Each structure stands twice: as structure tokens, then as C-alpha cells.
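Visitor: got a predicted model here, sequence first, then my questions.
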Amino acid sequence: MYLYIFSSPITDARKEHRYFTLQGEEGTHYVVEMDNPIEEDVAVPGYEAIDASGTIEDSKFIVMNNIPVTEEGRAAFEERFMNRARKVEGESGFSGIRVLRPLNSDTYVILTAWDSKDSFEAWQKSQAFSHAHAKRDTSEGIKVQAPSIFARPSFVTTYAVE
């Protein structure tokens, strides 16, 4: 599965695929979820879903954790996420998750989809969130085990789904 994030409206040719519109502080983005990669449009941010659960198309709120990873850190980063706690899937209001490998940049995206912003914020305050992120800043955390894995600081973007 592949996701592409467009800054201009989706063309009729791409409307045959699953797509949705995101409205955030940076403006409007159009996301297309496809079974195969786009070959001709390398300027559009594209991602391969290396892990996926649930659906994103019926959600109302999207959170994207954008994590720049060095070339040499990709394997360790992917292994860590493939072995994640998977606690989010059981949370109230959760719709779906995509762990997205970049096709044309160094920034991975952990996309979670929710039925509301309130559901996401409740997850952040939950024991499941604490458990899923318990090792983050410890000696077992990836920042300590592999400090050269990250190219730059990560950042979070949030969107309403229209």
C-alpha cells in the first residue's frame, strides 16, 4: 500500500483510488491511498506503508508524527516500529495506523487516524500510551541505543479530515 500527499486537488484519474482531504495549519492536503506506487510523479511526497492496521478513510482527525531518519538508521528504525507495542489499536476512537516509509525523502510518518481530536488526546493521557512510550527516554530507548539514527528532530502535524 502506498500513500501520496498532494498540495493541489486530486485529478479525476486519481479519484479511482481511496482518497481524503486534510485541513491543517499548513493548509489543505489531499491524500491518496493506492495499491501500487506512482511512477511518474516523484515530486509528490510518497510513502510505502510497512505496517498498517484499521482504516483511515472514515476518520475525522489525523495525527502525523514526522520522523527524519538517516540512511544508515533506516533498518533499526523500521525494526523498532515493526516490534511496537500495538497498544493504540485497542483505544476508544482509534480508526487506523500507517507506518510510512518515505519514497523520496528521509522523513518517515507514523499516521494515526481517530474519530475525533478528543479521542487522540485521551489516548495521550492513557496507560496504554504510557506503556507504548515507556522506553522512549531510557537506556532501552532508540535515542540512546542509536543516537545517530535521527537526521533532525521529529515534529507532529494534525489535521481535520474533510
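Guide: In hand now; what should we look at?
Visitor: strands of this protein, start to end?
Guide: 2-6, 18-24, 27-34, 46-54, 61-68, 94-102, 107-114, 155-161 (DSSP state E).
Visitor: now distance to residue 85, mean pLDDT and mean neighbour count too, for the ones you listed, in CSV please.
Guide: (Each C-beta comes from the backbone N, C-alpha and C, glycine too.) Shown next, in CSV, are those (distance: least, C-beta to C-beta, whole Å; pLDDT from 0 to 100; neighbours: other C-beta atoms under 10 Å):
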stretch, distance to residue 85, mean pLDDT, mean neighbour count
strand 2-6, 23, 89, 19
strand 18-24, 26, 86, 16
strand 27-34, 25, 89, 17
strand 46-54, 12, 92, 17
strand 61-68, 15, 94, 20
strand 94-102, 12, 93, 21
strand 107-114, 13, 95, 22
strand 155-161, 19, 92, 15
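Visitor: can you redo the ones you listed as CSV with distance to residue 149?
Guide: Formatted as CSV, the strands of the chain follow (distance: least, C-beta to C-beta, whole Å):
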stretch, distance to residue 149
strand 2-6, 23
strand 18-24, 27
strand 27-34, 26
strand 46-54, 16
strand 61-68, 9
strand 94-102, 14
strand 107-114, 11
strand 155-161, 16
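Visitor: contacting residues around residue 99?
Guide: Residues in contact with residue 99 (C-beta atoms under 8 Å, 6 or more residues apart in numbering) are 49-52, 81-82, 84, 108, 110.
Visitor: of those residues, closest to residue 73?
Guide: Nearest to residue 73 among these: residue 108, at 10.0 Å, using C-beta to C-beta.
Visitor: dump the residue contacts of the closest residue to that closest one other than its chain neighbours.
Guide: Excluding the flanking residues, the one nearest residue 108 by C-beta to C-beta, 6 or more residues apart in numbering is residue 67, at 4.8 Å. Applying C-beta under 8 Å, 6+ apart, we find residue 67 in contact with 77, 107-110, 150, 154.
Visitor: look up which residues are beta-bridged to the nearest residue to residue 117 once chain neighbours are set aside.
Guide: Of all residues not flanking residue 117 in the chain, residue 61 sits nearest, at 4.8 Å (C-beta to C-beta, 6+ apart). Beta-bridge partners of residue 61, counted by DSSP bridges, are residue 114, residue 160.
Visitor: how about residue 27?
Guide: Beta-bridge pairing of residue 27 under DSSP bridges involves residue 24.
Visitor: residue 7 is in contact with that one, correct?
Guide: Yes: in this structure, residue 27 is within contact of residue 7 by C-beta atoms under 8 Å, at 7.4 Å.
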